[in-house]
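In: Predicted coordinates and the sequence they were generated for:
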Amino acid sequence: MLDVGGILNSCSVAVLTLGIIWLVCQIYQTIVRFHYFNQLPGEPSFSWLFGNLHKLPSTGERRLEYGYQNVTDINSKFSRFWFTPFRPDITVYHPETVKVILKSSAPKARGYGTVYEHAMPWIGNGLIVSNGATWARARRLLTPAFHFDILKNYVSVYNTAADTLVEKLDKLAESGESFDLCPLMTLCTLEIILKCAMSYDTDIQREGQNPYAKATRELAAAWFERNRQPWFWSDFIFKWTSKGKRFLQNCDFVHQVAEEIINKRRDQLNKEGLPSKRHLDFLDILLSARDEDGKPMTDLEIRNEVDTFLFAGHDTTATAAPWIVYCLAKNPECQTKVQDEIDSVLEGRDSDCIMWSDISKLNYLALCIKEAMRLYPPAPFLQRRLNEDVTIEGHKIPAGNIINIAIVHLHRNPDVWDQPHDFIPERFLSTNLKDKDSFSFIPFSAGSRNCIGQNFALNEEKVLIARLLRRYFFKIPADVPPPKRIPQAVLHSENGVWFQIQKRKK
Ligand code: HEM
């Protein structure tokens, strides 16, 4: 007779034995992995509860200083940081190690606890976050929206926005009071991206506080805060916390704004067809795009791209501009040199408008913008997840590992830059760059996932800064503390960037 009980018993013993073997293998692998990664250069004090996370200071500037110590005191090319006891992230900040990652096919890090995953409820699978075929299709589709012939048309938009900004600054120049340039720049660049990418007319700058800009700032801050708090990584837990609820409320709000913009344009296109009097903007391209089999983009795909471009297209440029002006205000001799250059380009004209043909003549300003973006890169950190093993400085880093690219430390790496903390625009003269690795300076990243909006952004910065410096001399007020960097998705200043201005005599 069949001994069912005996068979069940033997099966249980076999399953149990296999389970124990599996568990022992896992523990063994974890120990081997732990020893392997722990001997890599990095934070020495390890905790079985937090990994190295307990060592990460909570305030922005101190967190950056802590990361920079790895560069100066531990290893100048890369380091390991246990983000939890089980996740050894590698951070690279030297051209040689950054290049390995940006030249590899490593995709944007996605999945549990990764930077880009946490942006999904907001910007969805848009161009910044997507990978593979979805990304390639969107990038191919949207690249024509940034062609030089199209960018030329935007110079008048930058100038119109600068006119309004100057109107506001004139009052501050008259009163002599100190002011924070960041919120003014945010409204200015938001107005610009809405007009350029969506042909959407607004008077945001004159309206003052803008709820969309405020929601975006809060989203960007909450997004990055969540990344360094593993206890908030689970979506299920996050959505029940007050931070998570606020984040999702803000997501709903920005989605609504994006949908309004899209619907308004869709109605217009349905009634009038594609515009014949103006170029096709980014939104026209999204709405009229068809697959090989004639299928349009879905509503969600379109909204994700609109959310992506509204955020990436204004917060980055809004943050870069005050840092650039700050560097010039701290280095008045450079500011005067830029002003002399602008004056000579505009000599004999009645208007202060910067024209398309002027942009390429503002060479010294271009050097200053690069140098300011070296010191204050608007996108401080990027993240990738390895899809195949790579070798970094002779160490094999297996597929699946997370790699952080610390642009903010690369740009001040003393192995790469002399006097790394000083503002020296001349270091970007082509003669001085001869021997520099092209991966030493990557404010817009590099490789296939570089910034699609970089020419747009640089033209915008040049026009806006030229307009400001043509009219005012910027000083740093004695009575406000220096700006404190805070590394979020964008490198904001925790306490703003404050100035006093004087109208120039021309
Ligand atoms: C000073 C201004 C800017 C800086 C420093 C900057 C920097 C960057 C960087 C570093 C990346 C790579 C991100 C990553 O790997 O995760 C990126 C990607 C991107 N940027 Fe920018 N950006 C700027 C302005 C803009 C503007 C004005 C737009 C749009 C009009 C824009 C749209 C994008 C998009 C859509 C991507 C994703 C590209 C892709 O993966 O194919 N950016 N940007």
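Out: Ah, there it is. Residues are numbered from 1 along each chain as shown.
In: Does stretch 87-106 reach the ligand?
Out: No. Judged by CB under 6 Å from any ligand atom, stretch 87-106 and the ligand are separated, with a smallest distance of 8.5 Å. Heads up, the C-betas are built off the backbone N, CA and C, glycines and all.
In: Quick one: end-to-end distance for that stretch.
Out: Using CA to CA, to the nearest Å, one end of stretch 87-106 lies 17 Å from the other.
In: pLDDT (mean, whole number) over it?
Out: Across stretch 87-106, pLDDT averages out at 97.
In: quick one: what helix or strand has residue 396 in it?
Out: For residue 396, the element it lies in under DSSP states H and E is strand 395-397.
In: what's downstream of that strand, the next helix or strand?
Out: strand 402-406.
In: For that following strand, which strands pair with it and how are they oriented?
Out: strand 87-92 (parallel), strand 381-385 (antiparallel) (DSSP bridges).
In: Residue of the stretch 401-506 of the chain closest to the ligand, please.
Out: Nearest residue of the stretch 401-506 of the chain to the ligand: residue 453, at 2.3 Å (CB to the nearest ligand atom).
In: need the contact list for that residue.
Out: Applying CB atoms under 8 Å, 6 or more residues apart in numbering, we find residue 453 in contact with 146, 309, 312, 313, 316.
In: how many other residues sit next to the closest residue to residue 483 other than its chain neighbours?
Out: Among residues not flanking residue 483 along the chain, residue 493 sits closest, at 3.8 Å (CB to CB, 6 or more residues apart in numbering). For residue 493, the neighbour count with other CB atoms under 10 Å is 22.
In: what angle sits between the lengthiest helix in the chain and strand 87-92?
Out: Of all segments of type helix in the chain, defined using DSSP state H, the longest is helix 4-38. Counting by axes from the mean of the first three to the mean of the last three CA atoms, to 10 degrees, helix 4-38 lies at 30 degrees to strand 87-92.
In: Quote the end-to-end distance of stretch 233-247.
Out: Stretch 233-247 has an end-to-end distance of 13 Å (CA to CA).
In: before we move on, what about stretch 286-303?
Out: 9 Å.
In: So is it next to the ligand?
Out: No. Using CB under 6 Å from any ligand atom, stretch 286-303 stays clear of the ligand, coming no nearer than 12.3 Å.
In: ok, and what's touching that stretch?
Out: 124-125, 138, 141-142, 255, 258-259, 262, 265-266, 269, 274, 280, 305-306.
In: ok, back up a step: buried residues in the strand holding residue 396?
Out: Going by neighbour count (16 or more other CB atoms under 10 Å), the buried part of strand 395-397 is residue 397.
In: avg pLDDT for that strand?
Out: 96.
In: How about residues contacting it?
Out: Outside strand 395-397, the residues touching it (CB under 8 Å, 6+ apart) are 40, 90, 386, 389, 390, 391, 403.
In: Kindly report the same for stretch 211-224.
Out: 115, 118-119, 122, 183, 186-187, 190, 204, 243, 246-247, 250-251, 253-254, 257, 310-311, 314-315, 487-490, 492.
In: Just the buried ones from the residues you listed?
Out: 115, 118-119, 122, 183, 186-187, 190, 204, 243, 247, 250-251, 253-254, 257, 310-311, 314-315, 487-490, 492.
In: Which residues are in contact with the residue nearest to residue 327 when sequence neighbours are not counted?
Out: Distance criterion CB to CB, 6+ apart; nearest residue to residue 327, sequence neighbours excluded, is residue 372 at 4.3 Å. Going by CB under 8 Å, 6+ apart, residue 372 touches 320, 323, 324, 326, 327, 328, 423.
In: Quick check on the nearest residue to the fourth one once chain neighbours are set aside: phi, psi?
Out: Taking CB to CB, 6+ apart, and ignoring the residues beside it in sequence, residue 326 has residue 497 as its nearest neighbour in space, at 5.1 Å. Residue 497 has phi and psi values of phi -130, psi 110 when expressed as degrees, to the nearest 10.
In: when you give positions from now on, start the count at 10
Out: Will do, 10 is the new start, and the previous item becomes residue 506.
In: Go ahead and confirm residue 506 touches residue 332.
Out: Yes. Contact criterion CB atoms under 8 Å: residue 506 and residue 332 qualify, at 6.7 Å.
In: From residue 332, how far out is residue 364?
Out: 26 Å (CB to CB, to the nearest Å).
In: do residue 402 as well
Out: With CB to CB as the criterion, residue 402 and residue 332 are 31 Å apart.
In: Also residue 71?
Out: In this view, residue 71 and residue 332 are 19 Å apart by CB to CB.
In: out of the two, which sits in the more crowded spot?
Out: When residue 71 and residue 332 are compared for neighbours, residue 332 comes out ahead with 24 against 12, by other CB under 10 Å.
In: quick one: contacts for that one?
Out: Applying CB under 8 Å, 6+ apart to residue 332 gives the contacts 381, 382, 384, 385, 387, 500, 502, 506.
In: picking up where we left off before, in helices, which of the contacts of stretch 295-312 fall?
Out: Those of these lying in helices (DSSP H): 147, 150, 151, 264, 267, 268, 271, 274, 275, 278, 314, 315.
In: Looking at these, state which has the most neighbours.
Out: Highest neighbour count within the ones in helices among the contacts of stretch 295-312: residue 314, with 29 neighbours (other CB under 10 Å).
In: Report the separation between that one and residue 381.
Out: 29 Å.
In: Wait, residue 434 touches residue 377, no?
Out: Yes. Residue 434 is within contact range of residue 377, at 4.7 Å (criterion: CB under 8 Å).
In: Now for the two: what residues contact both?
Out: Common neighbours of residue 434 and residue 377 (CB under 8 Å, 6+ apart) are residue 343.
In: gap between whichever helix or strand residue 257 is part of and the chain center?
Out: In this assignment (DSSP H and E), residue 257 forms part of helix 251-281. Relative to its chain's centre, helix 251-281 lies at 22 Å (CA atoms, centre = their mean, to the nearest Å).
In: Quick check: phi and psi at the most centrally placed residue in the chain.
Out: Centroid-nearest residue in the chain, with CA atoms, centre = their mean: residue 388, separated by 3.5 Å. Backbone geometry at residue 388, expressed as degrees, to the nearest 10, gives phi -110, psi 100.
In: buried residues in the helix or strand containing residue 473?
Out: Following DSSP H and E, one finds residue 473 within helix 463-480. By neighbour count on 16+ other CB under 10 Å, the buried set for helix 463-480 is 465-480.
In: repeat for stretch 376-391
Out: 376-391.
In: follow-up on the earlier one: what helices or strands is the helix holding residue 473 leaning on?
Out: If you count contacts as 3 or more CB pairs under 8 Å, 6 or more residues apart in numbering; DSSP states H and E, helix 463-480 packs onto helix 157-184, helix 190-207, helix 324-339, helix 341-355, helix 365-368, helix 372-384.
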